[in-house]
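Quick one, structure for this:
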Amino acid sequence: MSEPITVNNWKRYGQHRGYANLPDGTRVGWIDVPTGTITIESPEHDAEARAALGEWHCALPQVPAVAEPSMLADVEDEAAAQSVVATDTSKTAPAPDPEREATDLANRVPGQNAREQEGLAWEREKRLGNTIAWAGRVAGAHTDYRAWKLGAEGEEAVGKGLKKVGKRGWKVLHSIPCEGDTDIDHLVIGPPGVFLVNTKHHPKAKVTETKYGVMVNGGKTEHFPQIRAQVKKATAALAAALGHPVRITGVVAIFNGGLSQPELKTASSARDVKVVTNWNISNALLRLEPVLSDAEVEEIHAVARQPRTWKKD
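A predicted model of the protein is given here:
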């Protein structure tokens, strides 16, 4: 018997979505209300999630229709054909409380900022014309919308990979808004310390870790300088809020855009930055020696989950 799926209504930043969740709170997919586009995050729940989201979407009053090019008709019909399982929308969970989310970063989900920016970019590109926007979406053109979409997919994959440490009592925060309209993809707090995780999406690429940096298909990247700069700022912000020094280790997490393990080879390793994949990130962190007590983990988490730690009003 399949697990019942509820759909949570979500409105914020001018966007409107429905999030499909399992009874334990695991998110399996979501639908963008204005466009009707469904994104599945758990392939094993594909049919149930599409059905729940489709029925929930149809039950909404006065959902605005979006004109789409005829080239997408077959794709949309195929997606609709998969929606064959009914869900009782009367049991839909209450909508998330934006005020609570704004005051406790523990309520944010992986890729949240990227998804919000993706929606805003889509609206901007639609103003150029629906046909142009949809053609760019289908053809995979390099647009702001696509860049945010790929970024969100990577963060969501890494967030899923971090569930194992979460089940071990570690504290994990996602998509933390910071000064200058930047964000921290993931902040992991556990016995081995505090880790700032930055996701890098490299579809079907050959990635090599060296002590000097990350090589992608033989070419140099700016991944190490970028994460070191981010760690420096985050360390200063967190230490100021805590009132005492704290050490943060940078982690570059590679996502290849597929369901298979990214091709990552290690030639040598840097002391201050770790390179992992969305598949092995939890195991890599769990192997590290403990340096923090349970009380210290709780103290750091209590401060890190406060928005004012990272971004002043």
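
What segments of the stretch 101-250 of the chain are strands?
Secondary structure of the stretch 101-250 of the chain (DSSP state E, counting those that start in this stretch): strands located at 171-178, 182-190, 193-201, 206-209, 214-216, 219-220, 248-255.

For Arg305, which of these is the nearest?
strand 171-178 (6.1 Å; Cβ to Cβ). Every residue, glycine included, has its C-beta placed from N, CA and C.

Tell me the neighbouring strands of that closest one, and mark each as parallel or antiparallel.
Strand 171-178 sits in its sheet next to strand 182-190 (antiparallel), going by DSSP bridges.

sorry, back to before: in JSON lines, list the strands of the stretch 101-250 of the chain along with distance to Val231 and mean pLDDT.
Shown next, in JSON lines, are those (distance: least, Cβ to Cβ, whole Å; pLDDT from 0 to 100):
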{"stretch": "strand 171-178", "distance to Val231": "12", "mean pLDDT": "95"}
{"stretch": "strand 182-190", "distance to Val231": "10", "mean pLDDT": "96"}
{"stretch": "strand 193-201", "distance to Val231": "5", "mean pLDDT": "96"}
{"stretch": "strand 206-209", "distance to Val231": "17", "mean pLDDT": "94"}
{"stretch": "strand 214-216", "distance to Val231": "15", "mean pLDDT": "95"}
{"stretch": "strand 219-220", "distance to Val231": "20", "mean pLDDT": "94"}
{"stretch": "strand 248-255", "distance to Val231": "4", "mean pLDDT": "97"}
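
Just tell me which of those ends up closest to Thr309.
Per Cβ to Cβ, nearest to Thr309 of these: strand 171-178, 8.7 Å.

quick one: contacts of that closest one?
105-106, 108-114, 155, 159, 162, 165-166, 183-190, 233-234, 237, 297-298, 300-301, 304-305, 307, 310-311 (Cβ atoms under 8 Å, 6 or more residues apart in numbering).

Quick one: buried ones out of those residues?
Buried members of the contacts of strand 171-178, counted by 16 or more other Cβ atoms under 10 Å: 105, 108-114, 155, 159, 162, 165, 183-190, 233-234, 237, 297, 300-301, 304-305, 307, 310.

So which of those residues belong to helices?
If you go by DSSP state H, the buried ones among the contacts of strand 171-178 have 112-114, 155, 159, 165, 233-234, 237, 297, 300-301, 304, 307, 310 in helices.

from the residues you listed, which is closest to His202?
Taking Cβ to Cβ as the measure, His202 sits nearest to Glu155 out of these, at 13.9 Å.

separation between the closest residue to Val303 other than its chain neighbours and Asp183?
Nearest non-adjacent residue to Val303, counting by Cβ to Cβ, 6 or more residues apart in numbering: Ala241, 4.8 Å away. Distance, Ala241 to Asp183, by Cβ to Cβ, to the nearest Å: 17 Å.

Repeat that for Val303.
Distance, Val303 to Asp183, using Cβ to Cβ: 18 Å.

Many thanks, I have nothing further to ask.
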